[in-house]
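S.K.: Starting from these lines, generate the structure:
(2 chains)
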Amino acid sequence: MTKLKIGDRAVPFNLPAIDDVNHSLSEYGGKNAVVVMFSCNHCPYVRAWEDRMVQIQADYAARGVQLVAINANDATKYPEDSFHKMKERAREKQFNFPYLRDESQEIAKAYGAERTPEAFLFDKTGTLRYHGVIDDNYDDPTAVKVKYLRNALDAVLAGSQPETTETKPVGCTIKWK
Amino acid sequence: MEHPSAHGVGGQLNVRLKSWTREITKRVRMMKVRFLYSEDCPSHEEALQRLRRLLQEEGVEADLEIVRVDTFEQAERERFPGSPTIMIEGHDICPTADTHYAPACRAYVLEDGRVSPLPSVALIRRAILAAKANLKKTEKS
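M.R.: Residues are numbered from 1 along each chain as shown, chains lettered A, B, ... in the order given. Predicted structure coming up:
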């Protein structure tokens, strides 16, 4: 499995979402930045961070940022990650971003994603500018010291290079078939 | 302390017997702790450190068994709801109705309602203290 590297182009996708329509990367072509976030339902790291994901989308939407969450986990072995449960979770947490299902796991493999949550930030040209964690403290949002994804978004929106372009993703492994 | 020479061979035996009894009692008193984890979930290292620190802080000598769970079969056999799981004296420190046993991360709901891949310090400490009190009761009876 190859992993996207900083400077690589985004891999196109067209996947079913919890709103029962397919969403593709090309829909977000007019955005200033797109965050592709590999995510899921069952992982406590995701659950610890997901309010922050919602807040990031809320805070950056007006600046032309789109967060897209993709769940590629094997739902047969991990039923909490089924499409039905994804819809429930999105309702419960009031997701303000599309939540997509990568049933074949091809997109997760194409990105080289390994964990949930794992963020890939692309600029308006579709070039990868940041990859890794949301911030440096999954356990306590009030104790966060470095907001990696927000910092990278601010840099990309200002047309500059993020100070930190890569961090090691922290979370559950993607559950491969 | 009784001196062996004061009572000859019988006295020596008596002292040894007392020493053995003390040793056996000490073993019986050791708290049985099982720490089950999956490599897929990175929180286990911090959780184990937290457990060891709290056992030490509470002055508990524990018989700590560390079990790595890699497969669904093993998870089913161990009734492992996720990583990390801490069993003290045979009881899960956070009993759950979840019967989906899998080598995956376990979600703990913290005291303030947040979800974490780590059991809180308060949760582990409560379980240790409860088991310690139970062991004391058993020793007395």
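
S.K.: in chain A, which residue is closest to the centre?
M.R.: A:Met37 (0.8 Å; CA atoms, centre = their mean).

S.K.: For whichever helix or strand that one is part of, C-alpha coordinates in PDB please.
M.R.: Using DSSP states H and E, A:Met37 maps to strand A:33-39. Extracted as PDB, the C-alpha positions of strand A:33-39 are listed here (Å, rounded to 0.1, in the frame of the first residue of the first chain):
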ATOM      1  CA  ALA A  33      -9.200  23.600   1.000                       C
ATOM      2  CA  VAL A  34     -10.500  20.100   1.500                       C
ATOM      3  CA  VAL A  35      -9.900  17.900   4.500                       C
ATOM      4  CA  VAL A  36     -10.300  14.200   3.800                       C
ATOM      5  CA  MET A  37     -10.700  12.600   7.200                       C
ATOM      6  CA  PHE A  38     -10.600   8.800   7.600                       C
ATOM      7  CA  SER A  39     -13.000   8.100  10.400                       C
END
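
S.K.: that older thread, where's the residue nearest to the centre of chain A relative to A:Trp49, distance?
M.R.: For A:Met37, the distance to A:Trp49 (CB to CB, to the nearest Å) stands at 9 Å. To be clear about C-beta, it is placed using only N, CA and C from the backbone, and glycine gets the same treatment.

S.K.: Give the residues shared as contacts by the two.
M.R.: A:Pro117 (CB atoms under 8 Å, 6 or more residues apart in numbering or on different chains).

S.K.: how about the residues of chain A near chain B?
M.R.: Contacts of chain A with chain B, taken as CB under 8 Å from any CB of the partner chain, map to A:42-45, A:47-48, A:77-80, A:138-139, A:170-173, A:175.

S.K.: circling back: list the contacts for the residue nearest to the centre of chain A?
M.R.: Contacts of A:Met37 by CB under 8 Å, 6+ apart are A:Met53, A:Leu67, A:Val68, A:Ala69, A:Ile70, A:Pro117, A:Glu118, A:Ala119, A:Phe120.

S.K.: does the fourth one count as helix, strand or coil?
M.R.: Secondary structure, DSSP: H, G, I helix; E, B strand; the rest coil: A:Ala69 is strand.
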